[in-house]
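[1] Generate a structure from the sequence data that follows.
(4 chains)
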Number of protein chains: 4
Amino acid sequence: MAKSRYEYVKQFELDDSALPGTWMVVRIDGRGFHGFTDMHKFEKPNDLRAIHLMNRAALEVVGNIRDIIIAYGQSDEYSFVLPASSTLYSRRISKITSTIVSLFASNYTMHWAEYFPDTKLLVPPCFDARLVCYPTQRILRDYLSWRQADCHINNLYNTTFWAIVHSGKSEQEAEEKLRGTFSKDKNEILYSDFNINYNTLDAVYRKGSVIIRQETEVKSVSQKSGEEVIRLKRLPTVLHDDIIGNEFWKKHPELLVSSQEYE
Amino acid sequence: MAKSRYEYVKQFELDDSALPGTWMVVRIDGRGFHGFTDMHKFEKPNDLRAIHLMNRAALEVVGNIRDIIIAYGQSDEYSFVLPASSTLYSRRISKITSTIVSLFASNYTMHWAEYFPDTKLLVPPCFDARLVCYPTQRILRDYLSWRQADCHINNLYNTTFWAIVHSGKSEQEAEEKLRGTFSKDKNEILYSDFNINYNTLDAVYRKGSVIIRQETEVKSVSQKSGEEVIRLKRLPTVLHDDIIGNEFWKKHPELLVSSQEYE
Amino acid sequence: MAKSRYEYVKQFELDDSALPGTWMVVRIDGRGFHGFTDMHKFEKPNDLRAIHLMNRAALEVVGNIRDIIIAYGQSDEYSFVLPASSTLYSRRISKITSTIVSLFASNYTMHWAEYFPDTKLLVPPCFDARLVCYPTQRILRDYLSWRQADCHINNLYNTTFWAIVHSGKSEQEAEEKLRGTFSKDKNEILYSDFNINYNTLDAVYRKGSVIIRQETEVKSVSQKSGEEVIRLKRLPTVLHDDIIGNEFWKKHPELLVSSQEYE
Amino acid sequence: MAKSRYEYVKQFELDDSALPGTWMVVRIDGRGFHGFTDMHKFEKPNDLRAIHLMNRAALEVVGNIRDIIIAYGQSDEYSFVLPASSTLYSRRISKITSTIVSLFASNYTMHWAEYFPDTKLLVPPCFDARLVCYPTQRILRDYLSWRQADCHINNLYNTTFWAIVHSGKSEQEAEEKLRGTFSKDKNEILYSDFNINYNTLDAVYRKGSVIIRQETEVKSVSQKSGEEVIRLKRLPTVLHDDIIGNEFWKKHPELLVSSQEYE
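    As a prediction, the model looks like this:
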């Protein structure tokens, strides 16, 4: 069988390397998640089981792909950040993007039952993904700020919307009531009508989830002595911190140092 | 909160459209599948359960993405073909590639237990993916021939290799025996030493799996009369045909017609 | 001096190969040519000296870059076609595009005085260029038809516009008179008001210029006998044929044959 | 005439924008300049007329394209730098590259006779060009250092090589004598054999040419008073400074400030 006769088709695979020296962000987004959340009866405005499942899938991705130094998730999206110095898969865009999104999808599916023990997974989840390059730390931080600001804006809206609906109004009525309102108006509605102080809601809802590697105490049993020992390991950890201000970055200076060689 | 201040980062998302008028092939490949098959004790040279699971995941992808007109799979890889006329997701490479690979990964995971009822899924499967454009039908057919020729070459090798090993030799001995042999030598070993006529082995192993949409009789119960009716629907179907020769393409002329307008 | 310390910057030069198996068209366009033609007092609607200079520059480009099989020019633009099988400069887009446009610009400048003996070149001409890939012969022919149709539309408009202006009207009056008119209206104005039968105008204006290599009789003096000999050579030649219909392509079947291997 | 029928071919023109927020460098290189310099009898190791002509063409390019903030040239190459904040031609790579290279080629041709009054231009010069993106100031400076280090290495070699040749040796003998030598060896040969102190040679040869915009006194005649007035204008100016060390950049802080907003 003439294998070589067909081998020429390999030359159609063009190089798709990301520009060296830039931060690479892979953002995955749920496809058709409006229907997916309805079908599986997610709680509104936020379903903590779903958030924890998203975080679990992301933790597995970060644990698997060592080059990822920070990840940020909210709603049905997650962003994974590779430093400017990363040479993962020779920086081939398709390879990096597809590996991350497929790992996320299979982990989400595999761990579903742990987070939704009473809800059968009816259809497989689907995520799309894209890789975007950011030339500097400043722009990378602005990207992450953009996603966290988006989390805030959407969560404030959704919290107010569902408070109105849960109080007995129709979804249409809630939509009309919120049309054209500013943040302070929604805060006021929440406080006056529902006695909710938005700023005291759990940070997981207001800030989304940040994953970085942190020194963590890990217990294990010594093979020699049979005694329990505690060691420090750097493990992917979920936080709900503000990442727009400077405080977070001052507290974790190692996050941005990795690509500073060229800046 | 100044949302707009960060919105500028969206401009870093560059257009990645595939050239119009070209056939798009998304090929997914198992990542680290050597370890994955060992861990889950796949039978050698071929595990029919694993082949059926791959085909099931691919059938779901083809059912979900209507633009796919043919798919071809073997070993831990699958190729999905979109016609030159397709405008799926405005032909954005990342969007198409990530959607297909994530659907494949979540379906593989979700349907695992149906095909491996006695084997627990220990780690989530991971696939990478790439999209390649082929300008003409001729080159597209050569691409598919390349993959099916690859299936033949690998399967002949593996069948002979594992026949030797199962007869009591070490893997190293089998490897040495096959070094430098041609197809006819392997056919001869199979026939003389193991009484196996390679060409009579099941086509699923020798040819891999082809998915196209075929007229299929679907039974349903009429809501009016309550009687069972049979209707013809075009459903994704797995075949194990030869796709290198012309016969297959003559039998399914609709496969190549879809982009002929420009040729 | 530490040369190697800086060599790493070479890795930022990403591959920009054109998809194999596709026709490559480099189209150059005059930049700021409205001002350029005013400054050098080009005749309206067409200046034959300028057309001949454009053609001369294009002939030199075609003579220099052997892979170009056909070129088409009109107004201040020229398209150069490389066949799908071309491997010029490993199909690197920047290399091909920049070589062609710089050759065109320097030839235009160098030969100016031959075509404009009485007009000093006041500013250097500037052209931009882009390379576009077309997957099939059919689309390539449609591209060339698009440019020749554009030539026709613009030339009919310009011929009518300048006839009106030369008859004593202002440019604004001419513009108003032509607003919303169709081809047949302009033909009618030309015929009724100016006694011009558009279809009998010289083809160089109505069809633009096509360059292909044609068998040409070339006279030379034999070094042996000292006698004049005539030999046939394939030389780049300017035609003003219709390239939209099939006749031209039937007459020159070698033009499309070069990439047919894959179609 | 059915114009619209062909218009669809425009969709094959894919977007080729450079990544925002990165420094863009267009480097042009002489094509076939070895033959070009022989044909026009350039002096060796350096022909000052040729250097001045290269600089003249580059000055015209910088004067024409306002976004260029610095250019660097040596031998038959020139690099033009656009700041990370530039939005010239929407950062389209082909448009920027082709405009710069065609302006350079036509200026080189047009001004030839001013610099080579006694040498007829026999063939049009040709340059290729590429655009490379550099994410940070640090990498941009390393790029420019790379080119100036290259200038030094080549010029030291050529100076020594031609000194040997001009002393009566063959080119082959000179080549053999220099094989495997280090910088200090060549400096020593120059000093011992030819009494040349390399470091005192004119900087134009050792450092190449840098173009930046500098405050320049420009004389003009006042239209009101008829008197001569002197005004300061920022004009493209050729320098032969070292651009590897920090001094140059400290002296011209405006060069790097333009893109600092994001760093």
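[2] Mind naming the longest helix for chain A?
    When chain A is parsed with DSSP state H, its longest helix is helix A:137-166.
[3] got the contact list for stretch A:237-253?
    Contacting residues not belonging to stretch A:237-253 are listed as A:55, A:59, A:72, A:141, A:144-145, A:148-149, A:202-204, A:206-214, A:216, A:255-256 [C-beta atoms under 8 Å, 6 or more residues apart in numbering or on different chains]. Any C-beta I mention is one placed from the backbone N, CA and C, and that applies to glycine too.
[4] how many other residues sit next to the closest residue to chain D within the stretch 101-250 of chain A?
    Each residue of the stretch 101-250 of chain A has a distance to chain D, by C-beta to the nearest C-beta, and the smallest belongs to A:Pro135, at 3.8 Å. A:Pro135: 28 surrounding residues under other C-beta atoms under 10 Å in any protein chain shown.
[5] residues contacting it?
    When the contact criterion is C-beta under 8 Å, 6+ apart, the partners of A:Pro135 are A:19, A:21-23, D:19-22, D:84, D:135-136, D:262.
[6] again, only this time at 6 Å
    Going by C-beta atoms under 6 Å, 6 or more residues apart in numbering or on different chains, A:Pro135 touches A:22, D:21-22, D:135.
[7] do A:Arg49 as well
    With contacts defined as C-beta under 6 Å, 6+ apart, A:Arg49 is in contact with A:115-116.
[8] check which helix or strand covers it.
    Following DSSP states H and E, one finds A:Arg49 within helix A:48-64.
[9] A:Asn107 is in contact with A:Trp125, correct?
    Careful, residue A:125 is Pro and not Trp. No: under the criterion of C-beta atoms under 6 Å, A:Pro125 is not in contact with A:Asn107, lying 10.2 Å apart.
[10] A:Gln172: neighbouring residues, count only.
    When neighbours are defined as other C-beta under 10 Å, A:Gln172 has 9 of them.
[11] likewise the one 4 residues further on?
    Number of residues near A:Glu176 (other C-beta under 10 Å) recorded here: 12.
[12] phi, psi of it?
    As for A:Glu176, its main-chain torsions (degrees, to the nearest 10) stand at phi -60, psi -40.
[13] Could you check the pLDDT of it?
    pLDDT for A:Glu176: 97.
[14] same question, A:Val257
    For A:Val257, the model assigns a pLDDT of 74.
[15] picking that back up, which SSE is immediately downstream of the helix holding A:Arg49?
    Next helix or strand after helix A:48-64 toward the C-terminus (DSSP H and E): strand A:70-74.
[16] quick one: that following strand to helix A:48-64, angle?
    Strand A:70-74 and helix A:48-64 are oriented at 160 degrees to each other (axes from the mean of the first three to the mean of the last three C-alpha atoms, to 10 degrees).
[17] now for strand A:70-74, which elements pack on it?
    For strand A:70-74, the helices and strands in contact under the criterion 3 or more C-beta pairs under 6 Å, 6 or more residues apart in numbering or on different chains; DSSP states H and E are helix A:48-64, strand A:77-82, helix A:137-166, strand A:209-221.
[18] Show me what from the stretch 101-250 of chain A comes close to chain D.
    A:133, A:135-136, A:138-139 (C-beta under 6 Å from any C-beta of the partner chain).
[19] ok, now with 10 Å
    Within the stretch 101-250 of chain A, the positions near chain D by C-beta under 10 Å from any C-beta of the partner chain are A:132-140, A:142.
[20] Just the buried residues of those.
    When neighbours are counted using 16 or more other C-beta atoms under 10 Å in any protein chain shown, these contain these buried positions: A:132-140, A:142.
[21] can I get these in JSON lines with pLDDT?
    Below are these laid out as JSON lines (pLDDT from 0 to 100):
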{"residue": "A:Val132", "pLDDT": "98"}
{"residue": "A:Cys133", "pLDDT": "98"}
{"residue": "A:Tyr134", "pLDDT": "97"}
{"residue": "A:Pro135", "pLDDT": "96"}
{"residue": "A:Thr136", "pLDDT": "93"}
{"residue": "A:Gln137", "pLDDT": "93"}
{"residue": "A:Arg138", "pLDDT": "93"}
{"residue": "A:Ile139", "pLDDT": "95"}
{"residue": "A:Leu140", "pLDDT": "96"}
{"residue": "A:Asp142", "pLDDT": "96"}
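[22] of all those residues, which comes closest to A:Glu7?
    A:Glu7 has its nearest neighbour among those in A:Cys133, at 32.2 Å by C-beta to C-beta.
[23] got a list of what the closest one touches?
    Listed by C-beta atoms under 10 Å, 6 or more residues apart in numbering or on different chains, the contact partners of A:Cys133 are A:18-25, A:82, A:84, A:91, A:93, A:139-140, B:12-14, D:19-22, D:133, D:135.
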